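J.: here is a sequence with its predicted model. Questions after.
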Amino acid sequence: MDQRPVIAAVDGSENANRALEWAMSQALMAGAPLRIVHARLYASSIGSVMASAFEQPGQDDDPVLIRVRAALAGRTGLPVIEYASHPGTPDNVLPELGGGARMMVLGSRGRGGFASLLLGSNGLACASRAACPVVVVPRAEPPSHDPYGQVVLGLNSAAPDDGTSHFAFREASRRGARLQVVAAHAWPGPMFTPAGTLTTAAHDEAAAGYQVTALASAHLRPHRERFPGVDVEVVAAPGDAAGHLVAASQAADLIVIGRHRKRPFSPHLGSVTNAVLLHTACPAAVVPLEENAVPVTA
């Protein structure tokens, strides 16, 4: 049995507290332990003095973890919980913890930074670099249950990723939810009619949608067989992939997207993933892609 923990990153902010509540429900659903972690600096960064030269307090005297313990004291129906305090900046510490976790959960923006930012640097760092799936919980208060009964998967039908799809099917199965697969494709190119006017052929759009649906169906077939109880809907959506996914998040309990292919000297998220994290209405899971993923054929 997989006993890797669900990690919840806390920093004392309301956003982190909301993410912690979501992480607790996720750990219970998965039958996994929950590790509540706080990354903190223990020494001034002025000059060249390193934090290692200072006495570093542990979890028992970490004020953020003390407050979390107090808030959870006496609550029943919780997963097995452990606490960990790590020295360093969150954007450096948290991504490194992903190697031993089944999932990392954090709020869209923690303490510090600009209040107008919808996604903080810690969320970007974890979603970009952590070895495990990273779930970013938006500012809106998440409901205590799944009101929509729907998980959304953003699928790149030209080069789909099995790990991302498996994650989405597994989460839908655990929730007893539908899985809506959104496969975006480009609008057909414009062309001139004999009369000299610019137009787009409707049959070209239909053909593009048919091809995307066929590619998506071919990729999804083994996942359907592995999770036969999951009701799947494939939506071939022309145009802006990020826009379609953000719209779908309005009626979803979780949206699942792949990170991006590794590019030399480019640790950043892809544009679609970044846009979804900035604007999603529901928790969004960013799954590291399998680097050996290859295009499928219908």
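T.: Arrived safely. Numbers count the residues shown, from 1 in each chain.
J.: once you drop chain neighbours, what's closest to Val235?
T.: Val182 (5.1 Å; CB to CB, 6 or more residues apart in numbering). Every residue, glycine included, has its C-beta placed from N, CA and C.
J.: which residues are in contact with that neighbour?
T.: 152-155, 235, 237, 241, 244-245, 248 (CB atoms under 8 Å, 6 or more residues apart in numbering).
J.: which residues does Val10 contact?
T.: 16-17, 19-20, 36-38, 64-65, 68.
J.: equivalent analysis for Gln250, please.
T.: 281-282.
J.: which neighbouring elements make contact with the helix or strand hosting Val234?
T.: Following DSSP states H and E, one finds Val234 within strand 232-238. Contact here means 3 or more CB pairs under 8 Å, 6 or more residues apart in numbering; DSSP states H and E; on that basis strand 232-238 packs against strand 178-185, helix 202-226, helix 241-249.
J.: what residues sit buried inside that strand?
T.: 232, 234-238 (16 or more other CB atoms under 10 Å).
J.: okay, angle between it and strand 178-185 too, please.
T.: 20 degrees (axes from the mean of the first three to the mean of the last three CA atoms, to 10 degrees).
J.: and the angle from strand 232-238 to helix 241-249?
T.: Comparing the axes of strand 232-238 and helix 241-249 via the same axes, to 10 degrees yields an angle of 140 degrees.
J.: how about the closest residue to Thr213 other than its chain neighbours, what does it touch?
T.: In this structure, Thr213 finds its nearest non-sequential neighbour in Ala236, 4.8 Å apart by CB to CB, 6+ apart. If a contact means CB under 8 Å, 6+ apart, then Ala236 has 183-185, 208-210, 212-213, 216 as its contacts.
J.: apply 7 Å and report the result again.
T.: Counting by CB atoms under 7 Å, 6 or more residues apart in numbering, Ala236 touches 183, 185, 209, 212-213.
J.: which of these sits closest to Ser271?
T.: The nearest member of the contacts of Ala236 to Ser271, counting by CB to CB, is His185 at 16.1 Å.
J.: got a list of contacts for the helix or strand where Ala172 lies?
T.: Using DSSP H and E, Ala172 sits in helix 162-175. Here helix 162-175 makes contact (CB under 7 Å, 6+ apart) with 29, 133, 146, 151, 153, 178-179, 219-220, 223, 226-227, 229-230, 253-254, 256, 258, 285, 287, 289-290, 293.
J.: and these, which are buried?
T.: The buried subset of the contacts of helix 162-175 - by 16+ other CB under 10 Å - is 133, 146, 151, 153, 178-179, 219-220, 223, 227, 230, 253-254, 256, 258, 285, 287, 289, 293.
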